[in-house]
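Undergrad: Sequence first, then the predicted structure, then my questions.
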Amino acid sequence: MPASVALTAADFVGRLALGTAQLGLDYGINNTAGRPPDATVHEVLSTAQAAGISLLDTAAAYGDSEARLGQWLSRHYPSGSLFQVVTKVAAGPAAQVQQQLRESLGRLRQPAVYGVMFHSFSAFREQPGGWAALQEARHGRLAQRIGVSLYHPQEAVWLLEEGLDVDLVQVPYNVLDQRFGPLLPELARRGVEVHVRSAFLQGLLLREPATLPAFFAPLAPKLTRLQRLAQTADVPLPALLLQFAACAPGVSRAVVGVDSAANLRENLAAATHLIAAEQRRPELQELAEKTDDFILPYTWPPRS
């Protein structure tokens, strides 16, 4: 029996991290409501905390996400947050990186964070001097883990080959985008905590095939097959997708973004379908897409 099947519901929820881009930006292919009001943000965070989610994923670039999180955290946990927080900053000269981290901590109203990553691997390669600032932050206990958000497998290969003291990465991983799959166990073996994002591919994987914009029309057969797999397994499609990402070998956390507490509760319900969903993993792996244009959101037409 695969190790992931042995997870309890509580273990599964513990693997989830709440992504907060939607709390600070008008974000996602299916977003029609825009940036949520404060009451919704507070309800989402309270629901996450009550459910046992312990990690929040944010970034300086996510609009006012950090500030909204800081407002809620300082109000509910003035003596110290029960949440761990991972944020991201832009790569640059060491002094600039240090300043960005100070500003992020100020907005979050936290003395330290669990993790801090560079938002862009290419920018990190162009400005390698900033890495020393993250190392100093870890040494000074402003962050427990430091790393880089990745977009392409060759970036992970480079990190492994260079032996850089990265201990946290975030990568995209879902039933269409399985490019990092072979590398995840090796990253974990090297002591790198792996967080995966885009389990729903910004909502694309939840779209009805008949409603796809013309750009995505070639994906209709795969999305139709995906829906049929979920129906056959008697597993809600979001649960099937989230379990596929969260329980992949080598994965520590799956970052899931929501725009309402109801949406979060739907995702938490995936914990009741672990065995049935895991049994479909071999069939889901067959849906891997080889065309980067469909799996890399930065290549998509605006508001497709």
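TA: Cool, the structure landed. Residues are numbered from 1 along each chain as shown.
Undergrad: Poorly predicted segments of the protein, please.
TA: Applying pLDDT under 70 to the chain flags the ranges 1-6, 26-34, 78-81, 304.
Undergrad: do that again at 90, thanks
TA: Residues of the chain meeting the criterion pLDDT under 90: 1-9, 25-36, 75-82, 259, 291, 298, 302-304.
Undergrad: which stretches of it form strands?
TA: For the chain, the strands defined by DSSP state E cover 16-19, 55-57, 84-89, 113-118, 143-149, 168-172, 193-197, 253-257.
Undergrad: Can I get these in TSV including distance to Phe216?
TA: Where C-beta positions appear, they are placed from N, C-alpha and C, glycine not excepted. As requested, these are exported to TSV (distance: least, Cβ to Cβ, whole Å):
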stretch	distance to Phe216
strand 16-19	22
strand 55-57	26
strand 84-89	27
strand 113-118	29
strand 143-149	24
strand 168-172	17
strand 193-197	19
strand 253-257	20
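Undergrad: what's around the residue lying closest to Thr224 once chain neighbours are set aside, how many residues?
TA: Closest residue in space to Thr224, ignoring its immediate chain neighbours: Pro209 at 4.9 Å, by Cβ to Cβ, 6 or more residues apart in numbering. Counted by other Cβ atoms under 10 Å, the residues lying close to Pro209 total 16.
Undergrad: Next up, the contacts around Pro209.
TA: 219-221, 223-224, 227 (Cβ atoms under 8 Å, 6 or more residues apart in numbering).
Undergrad: contacts for stretch 179-193?
TA: 115, 145, 147, 150, 152-153, 156-157, 159-160, 166-169, 171-173, 194, 196, 248-253, 285, 295.
Undergrad: What subset of those residues is buried?
TA: Among the contacts of stretch 179-193, those buried by neighbour count (16 or more other Cβ atoms under 10 Å) are 115, 145, 147, 150, 152, 156, 159-160, 166-169, 171-173, 194, 196, 248, 250-253, 295.
Undergrad: Next up, the contacts around Leu223.
TA: Counting by Cβ under 8 Å, 6+ apart, Leu223 touches 205, 207, 209, 212.
Undergrad: ok, it to Leu164 distance?
TA: Distance from Leu223 to Leu164, counting by Cβ to Cβ, to the nearest Å: 38 Å.
Undergrad: Then Gln144?
TA: 17 Å.
Undergrad: How about Gln170?
TA: 16 Å.
Undergrad: In terms of neighbours, single out the busier of these two.
TA: A count of neighbours by other Cβ under 10 Å puts Gln170 above the other of Gln170 and Leu164, at 26 against 17.
Undergrad: Can I get the contacts of Leu223 in a markdown table including distance to Ser65?
TA: Formatted as a markdown table, those follow (distance: Cβ to Cβ, whole Å):
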| residue | distance to Ser65 |
| --- | --- |
| Leu205 | 23 |
| Arg207 | 25 |
| Pro209 | 32 |
| Leu212 | 29 |
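Undergrad: which one of these has the most neighbours?
TA: Neighbour counts for those (other Cβ under 10 Å) peak at Leu205, which has 25 neighbours.
Undergrad: How about it, nearest residue that isn't a chain neighbour?
TA: Closest to Leu205 by Cβ to Cβ, 6+ apart is Leu241, at 5.7 Å.
Undergrad: Which residues are in contact with the one you found?
TA: Leu241 neighbours (Cβ under 8 Å, 6+ apart): 174-175, 199-200, 205-206.
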